[in-house]
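Chemist: Below: sequence and its predicted model.
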Amino acid sequence: MLPSELSTGPARRKAVELSAFFERLRQVLDDRELSQADLARELGVGVATVSEWFTRGRVPNGDVMLRLPGALRVNGHWLLTGEGPREREQAPDGDPYLRGACDAIERLRQALDDASRRFGANAMPAAEPPAGGEP
C-alpha cells in the first residue's frame, strides 16, 4: 500500500471512526461525572482495561461493547456512529444497537435449530475417549 493510500484509505477512515468513538465515550464520562474507574466497576472489568481504551486505542471486546451503552445510559447506535439521539430511549427494545444484537442472536439460534433438525444428533461423530482412559 502506498503512503498516499494510508491517508485516505480504509485504514485512515477506521482510525478516524475509532477516534470519534473514544471522543464520544470521553464526553459521556465527563458529562456524567464518571471516572474510568467508575466505568470499569459498572462494566465489571479492570481499571487498566478501560485505561487502555483511551491510552492505546484498544477497542472494548464484544461483550463489553454490548453492555457499554447500558452502563452509560446512552443510545448504542449514537455511541458507535455519532448518529441519532444520544440519550437512550426508555423502551427496552428502543436501542437499535441492542435490538440488532438480539436479532443476530435469534437468527443464530434459529440456524442452529435448523441444522439440528436437518442433520440430527447423529450428524456429529462421537468423541473418542483419550488413550488409556475409560470409555
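Modeler: Thanks, I have it.

Chemist: looking at this, V59 is in a helix?
Modeler: No: counting by DSSP: H, G, I helix; E, B strand; the rest coil, V59 is located in no helix; its state is coil.

Chemist: where's the closest residue to it other than its chain neighbours, which helix or strand?
Modeler: The spatial neighbour of V59 that comes closest, neighbours along the chain excluded (C-beta to C-beta, 6 or more residues apart in numbering), is L18 at 6.9 Å. C-betas here are computed from N, CA, C, even on glycine. Using DSSP states H and E, L18 falls within helix 10-31.

Chemist: what's the burial count for the residue nearest to V59?
Modeler: 14 (other C-beta atoms under 10 Å).

Chemist: returning to what we had before: buried residues, the helix holding L18. List them.
Modeler: F21, R24, L25, V28, L29 (16 or more other C-beta atoms under 10 Å).

Chemist: One more: stretch 109-116?
Modeler: Neighbour-count burial for stretch 109-116, counted by 16+ other C-beta under 10 Å, picks out no residue.

Chemist: And that stretch, how far out from the chain middle?
Modeler: Mean-position distance between stretch 109-116 and its chain equals 24 Å (C-alpha atoms, centre = their mean, to the nearest Å).

Chemist: likewise stretch 102-116?
Modeler: Offset of stretch 102-116 from its chain centre (C-alpha atoms, centre = their mean): 19 Å.

Chemist: Kindly report the same for stretch 15-25.
Modeler: Centre-to-centre, stretch 15-25 and its host chain are 14 Å apart (C-alpha atoms, centre = their mean).

Chemist: can you tell me which of the buried residues of helix 10-31 lies nearest to L79?
Modeler: Using C-beta to C-beta, R24 comes nearest to L79 of these, at 5.8 Å.
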